[in-house]
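Novice: Pasting the sequence and the predicted coordinates here, then a few questions.
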Amino acid sequence: MGLATVITVVPLMAHHAFGAEFDRDAPIRLQGPVVKLEWVNPHAWIHLEITKEDGTNEVWMVEGGTPNTLLRRGLRRDCLTPGTEIIVDGYQTKDHSLTRANGRDVTFTDGTKIFLGSSGTGAPYEAEMLATRQQQGRC
Amino acid sequence: MNMRRTIFIPAVLLMIASSGFSSQTTAQVQARADGQWVMPRTADGRPDLQGNWTNATITPIQRRRDQDAVYSPEEASRLEGGRAARTEALNQPSDPDRVAPPVGGDGSTGAAGGVGGYNYFWIDAGDRVAMFDGEPRTSLIIDPADGRYPSRTDASRQRMAEASQFRRQFGQYDNPENRPLAERCVVSFGSNAGPPMLPNYFYNNNYTIVQTPDHIMIMTEMVHDVRIIQMGTPKPLPKHVKPWFGDSWGHWEGDTLVVETTNFSPTQLNRGQLSGATDNLKITERLTRADEHTLNYEFTVDDPETWTDTWSGEVPFTRLPGLVYEYACHEGNYAMFNVLSGARAQERREGGRQTPER
């Protein structure tokens, strides 16, 4: 077990200061199937259901960015359909009674990114990645 | 011989008319038979500025110290290549066996606040150096000559200190009104909607311009901020009336749209580089079609009681190859709830209201 090989963090200006919403002393790692996707602004929210150590299930909400950017790249909400298993790492909200966290890194269970960050430069690596994903039936 | 081909777009006319803007708008798209670009004009002969535009760029607003105003072609290429390489690196898979990030924060700074942001795939900050008049620019500010904000006056510093002191008496998480305007979904962050209209270096740096003889509308995608510029002889608002984005009046100087704005909302001014400005702040913008794909945007900020000199910038707006989407911010703003709820939870854990952090 090791830390993420690539830490995908964007320390830039955003809709809000992340540190005001999330607790740096409450890191989390979540894994489970998507149960709902709120494709809304200012932040999209991915809902996933995890199984806790006691065997019970719990639904968590994970904050993403603006869906407008993904729409402009031609990506759709059905790229992340309910039942798709994902892994998230991040930090829980400061209110620990809420099962919410930031999506510091959100991937499929094989570690690949759910979407690609490029706006479509046509670079060879990108074409290769997209071809592989299409073969796998992914967006 | 100037053979011209004219294409009329009735659907666009109908759409704009139905949105409340009267008919005289996008009239024609013209191209000479030899392929040379010709300035498109509205039915009343003015340059047609309409459509969707973006000002996303990796060129910063302010220049690094001791840097030339223009990148060499090699430097520009290196910077753009670096951005592409970073995107490629961030697209690589993560370790599926990764554990939770460290307690106490992951070391990220700025707005990431030690908890990181979210996956890079949400971000669209721009990947090109700003090209203006054929030059790859190192800053958007071009005057003062060093490409940096001019010094502030002592009076301006004093006003900023007093404003800060005033805010300190309130907890920053006590209520929604104490939160920043962008977090409240009131206006976009940074100076995205302007004036001056500057990139936010994050995402959605997109604008829609709609034009009539009497009014020009500029909508910023972020928080669907809408500026209405009135054309003609200015009839300024009374001094005490200060709407969002100020009171803007426009006129044509040749083929350039010139917009002068005064009467800025003090709430909106109370942030970023325009903090500490006075009621005498005046911002002048100039918009000129440069070619088929480019709208040259120039601005000058003038407030002698705030800065020791005026400051001006040049920003290329390029055609957005796509749509501008709705940004219904308030309706889904869980972040505001989470921020305030988090502050209350922290107070309960720590036994009472804490001294506000600044």
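Specialist: Cool, got the structure.

Novice: So the most centrally placed residue in chain A: helix, strand or coil?
Specialist: Nearest residue to the geometric centre of chain A (Cα atoms, centre = their mean): A:V106, 3.2 Å. Counting by DSSP: H, G, I helix; E, B strand; the rest coil, the backbone at A:V106 sits in strand.

Novice: dump the residue contacts of it.
Specialist: Counting by Cβ atoms under 8 Å, 6 or more residues apart in numbering or on different chains, A:V106 touches A:I46, A:V62, A:G64, A:I86, A:I87, A:V88, A:K113, A:I114, B:Y118, B:N119. Backbone N, C-alpha and C define where each C-beta goes, glycine included.

Novice: Likewise for B:R46?
Specialist: B:Q211, B:P213, B:W252.

Novice: again, 6 Å this time
Specialist: Neighbour list for B:R46: empty [criterion: Cβ atoms under 6 Å, 6 or more residues apart in numbering or on different chains].

Novice: Tell me how far it lies from chain A.
Specialist: Distance, B:R46 to chain A, by Cβ to the nearest Cβ, to the nearest Å: 29 Å.

Novice: For the residue in chain B positioned nearest to chain A, grab the count of nearby residues.
Specialist: The nearest approach of chain B to chain A comes at B:G113, 2.0 Å away (Cβ to the nearest Cβ). Neighbours of B:G113 under the rule other Cβ atoms under 10 Å in any protein chain shown: 22.

Novice: Check B:Y297 too.
Specialist: 25.

Novice: next one: B:E183
Specialist: Residues within reach of B:E183, counting by other Cβ under 10 Å, total 21.

Novice: again with B:E88
Specialist: B:E88 has 18 nearby residues by other Cβ under 10 Å.

Novice: same question, B:Q169
Specialist: Neighbours of B:Q169 (other Cβ under 10 Å): 7.

Novice: Run through the helices of chain A in chain order.
Specialist: A:18-21, A:67-72, A:124-135 (DSSP state H).

Novice: Where among the ones you listed is average confidence lowest?
Specialist: Among the helices of chain A, helix A:124-135 carries the lowest mean pLDDT, a mean of 67.

Novice: any chance you could map the strands in the stretch 151-300 of chain B?
Specialist: For the stretch 151-300 of chain B, strands defined by DSSP state E, counting those that start in this stretch occupy the ranges B:206-211, B:215-220, B:225-231, B:247-253, B:256-262, B:282-291, B:294-302.

Novice: Throw those into TSV and include distance to chain A and mean pLDDT, thanks.
Specialist: Listed next are those as TSV, based on distance: least, Cβ to the nearest Cβ, whole Å; pLDDT from 0 to 100:
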stretch	distance to chain A	mean pLDDT
strand B:206-211	8	98
strand B:215-220	12	98
strand B:225-231	13	97
strand B:247-253	25	98
strand B:256-262	24	98
strand B:282-291	21	98
strand B:294-302	19	98
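
Novice: The strand ranked longest in chain A vs chain B: in contact?
Specialist: As assigned by DSSP state E, the longest strand anywhere in chain A is strand A:22-38. Yes. For strand A:22-38 and chain B, the contact criterion (Cβ under 6 Å from any Cβ of the partner chain) is met by A:F22, A:R24, A:D25, A:P27, A:I28, A:R29.

Novice: And the lowest mean pLDDT element among the helices and strands of chain A?
Specialist: The weakest-scoring helix or strand in chain A, judged by mean pLDDT, DSSP states H and E, is helix A:124-135 (a mean of 67).

Novice: which regions of the chain sit below the pLDDT cut-off?
Specialist: As the question left the chain open, I've gone with chain A. Residue ranges of chain A with pLDDT under 70: A:1-16, A:118-130, A:133, A:136-139.

Novice: my question was about chain B
Specialist: Along chain B, the model assigns pLDDT under 70 to residues B:1-32, B:353-358.
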